[in-house]
Structure formats: structure tokens, C-alpha cells
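> Show me how the following folds:
(chains A and B)
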Amino acid sequence: MTINVKVMQRPVREVSYVRATLSGLALTLKHLVDPHAVTIQYPEEKWDLSPRWRGTHRMLTTEDDKAKCVACGLCPTVCPANCIKLVPGEDEEGNRYPLVFEIDEFRCIFCGYCQEVCPEEAIHMGRHYENAEFNRARFVYDLERLTAQTHPVSELWDPAHPRGE
Amino acid sequence: MPPLDPMQLEPSTWVFILATVVKMLAIFTIYMVGVAYTTLAERKISAWIQDRHGPNRVGPWGMFQVLADGVKNIMKEETMPGDVNKALFILAPALAFVPALIAWAVIPFGAPLPTPWGKIDLVVADLPIGFLFTLAITSIGVYGIVLAGWASNNKYALLGGLRSSAQMVSYEIAMGMSTVCVLLMAGNVSLNEIVMQQATMGWNALLLSIAAFLFLVAAFAETNRVPFDLPEAESELIAGYHSEYSAMKFSMFPISEYANMITASAMFVTLFLGGWDIPFTQWDNTGPATVMKALLTTMLFAAKVLFFVFFYIWVRWTLPRFRYDQLMSLGWKLMLPVALAYIVVVASALLALDAAGVSRTGWAFKGALMGLNFVLLGVLFFILDRGRLISPAYSRLERERVARLRSVAQSRATLAPGEIRS
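The predicted structure follows:
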């Protein structure tokens, strides 16, 4: 059985290499003199993040600088990646608060369910992407770190959209 | 008789030797800096052509990138693969670079400079056989690449070296043949004489356009630049002849490539673009030498060379690489016959014009040659060039032959079990 290779028929008899080269040179020269550079000079210029950008988390606080979290346990339950570790505590007046609240940002898939499910609007995804660290342990964010973050938080929906929430 | 001006006389032996040393040092320094900045220019221009920014972090507009590159290459670890031929492996990078530098010795880069100690020619060595010298030296350049490929004990490196030598041999001929016309014009092989001839008669690029075009293409091949960079074809040979090199030894190969590029540009400018001649005026090459003339002509020479360095880079980021059979058929089946035919045409034209008593410096002579070249360029670009270069590999086989081969293959495939075909 012969193998029939499908060969594209090009108009090679009509093509001149030199003239094609000249038109190619003209094209590259056009880009050379008018480089519509699209590169963003990263450390100096930054990309505008979408209001719905889901980056590393942030825990919002009350006026007296305590975490808003009431340790209800909804976020570790809903978390599909199982990256939230929550140990609830309770003070004398019966108010629940998190004793331990850790998010493993390596396990996190940044779905935003924790923010959606939170009844107190405490845990939020952040509009932020510069997360480099020197060792893996630093990627487990504890409560102190989550509350200390200052970057803007995600909206999870487009506030301009008519159907909103 | 006017009193002799010491500034217009030939310098004494000691001044000559001292001036030569100074010129060598100056050329070496400028050349090395030029090579370094050509690498930066290549990166910048490629970036602009591709709508990027290019290196812009080290110093203003990345001006100090070359220093950073140099420091990096020297500090990096040098590896020496196990079974290399050590002596040749170390020698090859130097051998690739040195010929490009030597060739500069005979290229005149400016009108003579008058000094209180005598008139100094702006060329390191004004050899009477300057042109033959450059041809000989630039062919040595291939040794660096071939030896690097062979000494590496690596099949891809060897293939790269092999390709390079085949390519050099093929294009060296076309290059030499294309320059024969220049020698016919000048009647001399001294580069200074060739420049002076162009200063009086007009640039060879206009009078011998086809030779200039062939020389330019051959120079691309000789310097292993795209579209002739088959020796280092990344997609096929990893990095070709320098696959096994690292650190500064590796860096010598790009350096020698850029050095060759600058030298080839300088050769092209000298042979076809009037060298240091300032066009449309005889002011620069007649009368006594002045400092102003020397400066202006040197600057113009530099500008011409830089334009061709730019042209090299520009072409590199425009064209794809040739396939090997395209490269060979271009060299042997197109460029060599065209160069040979052009020699015959130019020699006949010169003979006819001289026999007709046309003055070589007059406009009739120039006009006749330019008209001839115009017609020939049209023939080359619009008739000869058609369908010869980018033809696909299969088209070299005749249609009937393909059909016959296919039928043979078909009959072979349908043999009965046990049947033997004689």
C-alpha cells in the first residue's frame, strides 16, 4: 500500500524570493519604526486587576482590630480543597471566635466559596498576586497574617452588572 | 614650486611604526566595543521588530547590558565534556574570532590624516594585495567552526561544522567571482586603489549592481547569518557547532559572528559603496590632506558600515532559514552561474566601451553601465528568481518519475507470499 501524502500545491513558479524578501523587510521595518509595544514594565507599571480577581485571602477586622470571624465553620466545610484549618473557641459571654485559623495557600484553588459562604463577611479573596516567599511554610497563612493584609479585597461579582449579586 | 609642507610628506620609519601600533590599538578597542554593542543592537532591534522592549534594565536603555553579559560569561562555570579533543576544543573559539579581526588590518577607513610628523594613512596595513588578503583570511574563519564541531565529539556539533564547511566552500566561490568585476573596474587589488577608483567613477553598487547583490548574499552565507545559519540551526542541531561550549568559550562564537558581520559589512562598503568616499563631491579625495577630511570620511565610513550591520540584523529578524538543499542549489545552481555570466557581461561591456573611446570618468560610461545593470537586475529579480529558491523538495522530481516510483512501490507491496521478484 502506498502512502499518499497530501501535498499543498503552492504557486512556486510565480513566486520570486527576492521580491518576497523585500516585502518582508518592509513589514518588519514598519514594526521597527512604530513598535506598538504591549509589554507592561512590571515592577514600575502594573496591570489593573479585575474587581473579581481572586488572589490570596484577607481577613477583615472589626473596629477594635479583632477578626470578624465567628468560627461558624462554614468555610472549612464548603472549601473544596480542604485548605482551611479552623479551631473554634468561646469567651465567657458565649461569643465564638477562632482559636486557630489557617489557610494553606498552596492547597487553595482560589474558588472564592469561602468568601461567598461567610455570613459575617470576614474572610475575603484578595485583589493581589505578589506572593513570593523563601520557604513553603510561609505559605500557610495564620490568623495574624490574614488580618494584617492590607490589599483590596475581591468583589466576587461585577458591581456594574445590572443583575448584580 | 611651493615649499613642502611636512604634514603632507610620508612619515619616517619610526613614526610609521609608532603610528601603526597606535592604529592597531585604536582599531582593536573600537572594534571590540563595536562588537559588544552590536550584540545589544541585535537584541534591541529584534525586540522592536517583534513589538517588544528589549533589554532596558541595566543602565539607561540597557546601555550597560553588554558589560553585564561580559561579566556573566566570564564568571560562569566552564565545562569540558569527557571525550573532547582538548587542544582543538580550546583553540577553536580563538580561531573563529581572530580572522575577522585580522581582515580589518587592510580596510582603509578614512582619508589620510596629516600630523606634524607626516601624512598618516588611515589603514593599519596598506597592502598592495589587500583584497586577496581579505579573501584568504576570511576563508580561514571556517576553521574555527569546523574544528569546534569536530573537537566536541558530538554528532550534532559535527553536523554543524560539516554544514558550515560545505556552505563556506559553496559561497566562497560565488563571492570571489562577484568581486572579479570590481577588480576589472579598478584594474588593481589594493583596497585603497579600489576606493579611489570609486571616488572618481562612482560607486560600484550602481555600476556593478548584480555583483554587489551577489556579494551581499554570499557575505550573509559566509558569516552564517540568517537565512544561512544552518551550522547552528537550533531546530535541527540543538546549537550546532557550539553545542558543547560554555561560558566565555561559548561567548567567543557569538562574538566572532558579530565580528565577522562587521568585517563583511566593511568589505562590502569598501568594494561597492565607495569605502570612505563622500558621494557627490570630489572635495574629500583631491587636494592636500586635512584633519577635517580625515574625520568626516572616517565618520561616513562608520555610518555606512553601521547601516549594513543594521541590515544584517534586519534581515535576520525577517527571514526564515533555508533548507539544506535550497542552500546548496542557490549557491551552485543560481549564484555561481550568474556571477560567471556577469563577469563575461561586464568584461565585454568594458571592452566595448573602451574600444568605442568612451572616457571612463564621463557620464556616458556610467550611464551605459547603470542602464545595463538596471536591465540585468530586472532579468534577475523577475525572471531568473522565479520558483527556484523556495521550491518544495518534491518538485525537483519530475511528475512522471514520481508516478513511476509510486507504481513500483505499489507492485512491491502487492507481491504474493513466497513470490520473488528479480
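> From here on, just use CA atoms for contacts and neighbour counts.
Will do.
> The helix or strand of chain A with the lowest mean pLDDT and chain B, are they touching?
Ranked by mean pLDDT, DSSP states H and E, the helix or strand of chain A with the weakest confidence is helix A:17-33, at a mean of 86. Yes: using CA under 8 Å from any CA of the partner chain, helix A:17-33 comes into contact with chain B via A:17, A:18, A:19, A:21, A:24, A:25, A:28, A:29, A:31, A:32, A:33.
> Following the chain onward from that helix, which element is next?
Sequence-wise, the next helix or strand downstream of helix A:17-33 (DSSP states H and E) is strand A:55-59.
> Just name whatever secondary elements that next one is in contact with.
strand A:123-126, helix A:143-148 (3 or more CA pairs under 8 Å, 6 or more residues apart in numbering or on different chains; DSSP states H and E).
> for these, which one sits closest to chain B?
strand A:123-126 (30.0 Å; CA to the nearest CA).
> Which residues in the closest one does the neighbour count mark as buried?
Within strand A:123-126, the residues that qualify as buried are A:123, A:124, A:125, A:126, counting by 16 or more other CA atoms under 10 Å in any protein chain shown.
> which residues does the first one bridge with?
Beta-bridge pairing of residue A:123 under DSSP bridges involves residue A:59.
> Tell me who's in contact with it.
Residue A:123 makes contact with A:57, A:58, A:59, A:60, A:69, A:114, A:115 under the criterion CA atoms under 8 Å, 6 or more residues apart in numbering or on different chains.
> can you tell me how far the first one sits from residue A:125?
Yep, that's residue A:57 we're talking about. From residue A:57 across to residue A:125, the span is 4 Å (CA to CA, to the nearest Å).
> before we move on, what about the last one?
For residue A:115, the distance to residue A:125 under the criterion CA to CA works out to 7 Å.
> ditto for the fifth one
Relative to residue A:125, residue A:69 is positioned 14 Å away (criterion: CA to CA).
> what does stretch A:95-113 contact?
A:54-56, A:69-72, A:75, A:78-79, A:81-91, A:124-125, A:139-143, A:156.
> Can you give me the buried ones in that stretch?
So, applying 16+ other CA under 10 Å, buried residues of stretch A:95-113: A:97, A:98, A:101, A:102, A:103, A:104, A:105, A:108, A:110, A:112, A:113.
> Which members of those occur in strands, if any?
The members of those that map onto strands under DSSP state E are A:97, A:98, A:101, A:102, A:103, A:104.
> and the last one, what are its bridge partners?
The residues listed as beta-bridge partners of residue A:104 by DSSP bridges are residue A:140.
> Show the pLDDT at it.
pLDDT recorded at residue A:104 is 91.
> Quick check: it vs chain B, distance?
35 Å (CA to the nearest CA, to the nearest Å).
> what bits of the stretch 301-422 of chain B have low per-residue confidence?
In the prediction, the stretch 301-422 of chain B carries residues with pLDDT under 70 at positions B:387-400, B:414-422.
> Do stretch B:317-324 and chain A come into contact?
Yes: under the criterion of CA under 8 Å from any CA, stretch B:317-324 makes contact with chain A via B:317, B:318, B:319.
> Looks like residue B:126 contacts residue B:192 (just checking).
Yes: with contact defined as CA atoms under 8 Å, residue B:126 and residue B:192 form a contacting pair (7.4 Å).
> Common neighbours of those two, please.
B:107, B:108.
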